[in-house]
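*Asks:* Okay, predicted coordinates and the sequence, questions at the end:
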Amino acid sequence: MKKIFITRKLPDEIVNPLKEKFEVKMWHSEEIQMTYEELKTEAKEAHALWTVLSDKVDRELMESLPNLKVISNLAVGYNNIDVEAAKERGIVVTNTPGVLTETTADLTFSLLLATARRVTEAERDLRAGKWKSWTPMGLTGMDVFGATLGIIGMGRIGEAVARRAKGFGMKVLYHNRSRKVEAEEKFGFTYVELDTLLQESDFVVLLTPLTPETKGLIGERELELMKETSAIINVARGGVVDEQALYEALTTNKIWAAGLDVFEVEPVPMDHPLLTLPNVTVLPHIGSASIHTRMAMMQMNAEDIEAVLEDKEPENRVV
Ligand code: DGY
């Protein structure tokens, strides 16, 4: 019987059907992350490895799992996996595209609105007993309606964010590796160079995957180009932004605010300088976290694992 190893506790209704065909071993906790060494030992005999985005799956790990045929990642991003090493060893990698698009776009827009209107800061103030009276300029933020939105990384989620922005009367600029001419015409987005986008946008939204090309894409130079009244929203991966440069830009009023769902190190250390700033709205990487979407993502992974273990082509192959 082929063996599946799952690195987090997943719901029975998703996992049980697999047990009819395969031997399934699952880590005991939904919250506690396995260490790299534990993963090496526990998954030793696995033919399929079902991972989450915080599991590092590198060449060394693959080499220590001799039976491995497939890695299914519970995320659309797969920067935690060395896909080149997987390809060389003939290991299939699958992810969860499409199904999380609208949910992640909803969260992106929530974070944009929360950042613009200082929602979490206002709630913190109220709970801390700081609401003494209605103040004319207290907790005033930036308008979203009619503002210019710049999207860096115009994939499926970018398009879904841009569609929402149209409902807010926003002008939408985007920058991407390739032009999306059809979508430009259909939805009225405008392609611009990166520097133009940074100079003209009121809200810069990062939705690009983390690759060697996008690592540190937004650094001191790029933040310097942004408007003093603008905000940056990162729902991609922490590594796309130089966090030190972002801290400097926020504390020297080069930009007005930031909304972050992702960090270079996750969970973000509680003594991280960015957490000390009131103009930074933070979330614990919950882009795709709706019940329906997470269940759909897991179902996708389960079907792809089953397909590969039965020598069929999986729907969502990365390599
Ligand atoms: C993903 O799937 O890559 C997202 O970051 C999850 O929120």
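*Replies:* That came through, no problem.
*Asks:* isn't Glu121 right up against Leu277?
*Replies:* No - contact criterion CB atoms under 8 Å: Glu121 and Leu277 do not qualify, at 9.9 Å. To be clear about C-beta, it is placed using only N, CA and C from the backbone, and glycine gets the same treatment.
*Asks:* the more surrounded of those two?
*Replies:* Glu121 (19 against 16; other CB atoms under 10 Å).
*Asks:* Could you list which residues are in contact with the more buried one?
*Replies:* 139, 278-279, 281 (CB atoms under 8 Å, 6 or more residues apart in numbering).
*Asks:* of those, closest to the ligand?
*Replies:* When these are ranked by distance to the ligand (CB to the nearest ligand atom), Thr281 comes first, at 16.5 Å.
*Asks:* can you count the residues close to the closest residue to the ligand within the stretch 201-319 of the chain?
*Replies:* Nearest to the ligand, among the residues of the stretch 201-319 of the chain, is Gly287, at 3.1 Å (CB to the nearest ligand atom). Using other CB under 10 Å, Gly287 has 24 neighbouring residues.
*Asks:* so who does it touch?
*Replies:* 100, 103-104, 107-108, 235, 261-262.
*Asks:* Likewise for Gly155?
*Replies:* 176, 207.
*Asks:* what are the phi and psi values for it?
*Replies:* The phi/psi pair for Gly155 (degrees, to the nearest 10) reads phi -90, psi -150.
*Asks:* measure it to Pro284 for me?
*Replies:* As for Gly155, its distance to Pro284 is 23 Å (criterion: CB to CB, to the nearest Å).
*Asks:* before we move on, what about Phe203?
*Replies:* Applying CB to CB to Phe203 and Pro284 gives a distance of 21 Å.
*Asks:* now Arg124
*Replies:* Distance from Arg124 to Pro284, by CB to CB: 16 Å.
*Asks:* Please apply the same query to Ile305.
*Replies:* Distance from Ile305 to Pro284, counting by CB to CB: 27 Å.
*Asks:* need the strands for the stretch 201-319 of the chain, in chain order.
*Replies:* Ranges of strands within the stretch 201-319 of the chain are 203-206, 231-234, 257-260, 280-282, based on DSSP state E, counting those that start in this stretch.
*Asks:* quick one on the thing from earlier: the more surrounded of Phe203 and Pro284?
*Replies:* Shown here are Phe203 and Pro284; by other CB under 10 Å, Phe203 has more neighbours (23 against 12).
*Asks:* Could you tell me the per-residue confidence at that one?
*Replies:* Note on Phe203: pLDDT of 99.
*Asks:* Also Ala183?
*Replies:* pLDDT at Ala183 comes out at 89.
*Asks:* OK, contacts around the closest residue to Asn279 other than its chain neighbours?
*Replies:* Excluding the flanking residues, the one nearest Asn279 by CB to CB, 6 or more residues apart in numbering is Ala257, at 4.2 Å. Going by CB under 8 Å, 6+ apart, Ala257 touches 115-116, 118, 142, 231-232, 250, 279-281.
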